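Chemist: fold the following, please.
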Amino acid sequence: MRRREHLVVVPYGFVLLICALVWGVAPRSAHSQTMPTPAATQTQDRDDNVTRRQLASFDNFLDSHPQVAEDLRKDPSQVNNEEFVEKHPALQEYLQQHPEVREELSQNPNRFMHREERFDRREDQGRDRDVTRSELANMDRFMDGHPEIAEQLRKDPSLVNDKKFVGNHPALQQFLADHPGVREEYKENPNAFMHQEQRFDQRQDSGMRSDRDLNRGEVASFNEFLEDHNKIAGELSKNPSLANNKDYLQDHPALQDYLKAHPQVHEELSENPQTFLRSTQQFSTHSTSTAKVGESKPK
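Modeler: So this is what the prediction gives:
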């Protein structure tokens, strides 16, 4: 006698339910565990934006204060040194006005400065590639030789597109005519170009301070010469490029003889007269301050 086999009939709807549980609910559950929620993503984006703003803000500050930038990049921990901060009022004021930057910088100076340097490099790389170092160098030399024009253009870069202003300054008009690459880049975006020129100038100043060929003795020597020749000092202060003007040197034999006797000073003045004069003036100010501190008080 054959044994009957009983088949179990499973309803079709139940099969669909099982499939849905296996292939639908489970993946969605895993997906919900691995993917961030929209709210979390928005929070992260806000945090990143705050960080970028902080880096951009601090980078702008360092661009305007190259000596502070140089000191902090050598030793970021100085930001937590009260004596160092007090000696740099601009830094002290900036940190007071930007508590978020102060907090991030204080907690991990090395990490924050490293990120600022990376930000600075990316900013440089992102600038218009058409602006070459030679164009910036040409503009910087012109500005060094014409401090009055430089001051006005740095206050209002758009003046380069003011025909009346350019016409009233033949030296600028001639320079732009002789340097079409500079003229084109400058006129397209005056603010961006002047910002780059200032950064170029600041780097030059920073490099000059670290240049071992420019020693304290040379600056001190030229400072002494200028103290003995007030008229020359005043004229060079207004227009440093006169130090390279042959007619001016012939009319001032004392300066001509001095430069012949001090070839290193002559070389520095020839390469960058405005920067060297500025170093001399800073030395004079520092020497005066030191002398006042050292003076004994009257009894």
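Chemist: please make it C-alpha for all contacts and neighbour counts, starting now.
Modeler: Will do.
Chemist: okay, now His266: neighbour count?
Modeler: 19 (other CA atoms under 10 Å).
Chemist: so it makes contact with Leu255?
Modeler: No: taking contacts as CA atoms under 8 Å, His266 lies outside contact range of Leu255: 10.1 Å.
Chemist: list the residues that contact both of those two?
Modeler: Common contacts of His266 and Leu255 (CA atoms under 8 Å, 6 or more residues apart in numbering): none found.
Chemist: which stretches in the stretch 51-200 of the chain count as helices?
Modeler: With helices called from DSSP state H, counting those that start in this stretch, the stretch 51-200 of the chain shows them at 66-74, 82-86, 89-97, 99-107, 109-126, 133-145, 147-155, 163-167, 170-178, 180-188, 190-210.
Chemist: which stretches of the stretch 101-250 of the chain aren't confidently modelled?
Modeler: The model of the stretch 101-250 of the chain has pLDDT under 70 over residues 121-132, 203-215.
Chemist: repeat the analysis, applying 50 as the threshold.
Modeler: Scanning the stretch 101-250 of the chain for pLDDT under 50 picks out the ranges 127-130, 208-213.
Chemist: in TSV, list the helices of the stretch 51-200 of the chain along with mean neighbour count and distance to Ala261.
Modeler: Shown next, in TSV, are those (neighbours: other CA atoms under 10 Å; distance: least, CA to CA, whole Å):
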stretch	mean neighbour count	distance to Ala261
helix 66-74	16	32
helix 82-86	13	40
helix 89-97	14	40
helix 99-107	16	49
helix 109-126	15	42
helix 133-145	18	24
helix 147-155	15	27
helix 163-167	13	40
helix 170-178	14	32
helix 180-188	17	37
helix 190-210	17	22
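Chemist: Asn230: which of these is closest?
Modeler: Using CA to CA as the measure, helix 147-155 is the one of the helices of the stretch 51-200 of the chain that comes nearest Asn230, at 19.5 Å.
Chemist: just the terminal-to-terminal distance for stretch 230-245.
Modeler: Stretch 230-245 has an end-to-end distance of 18 Å (CA to CA, to the nearest Å).
Chemist: other residues contacting it?
Modeler: By CA under 8 Å, 6+ apart, stretch 230-245 touches 144-147, 226-227, 248-249, 269-270, 273-274, 277.
Chemist: that concludes my questions; thank you for your assistance.
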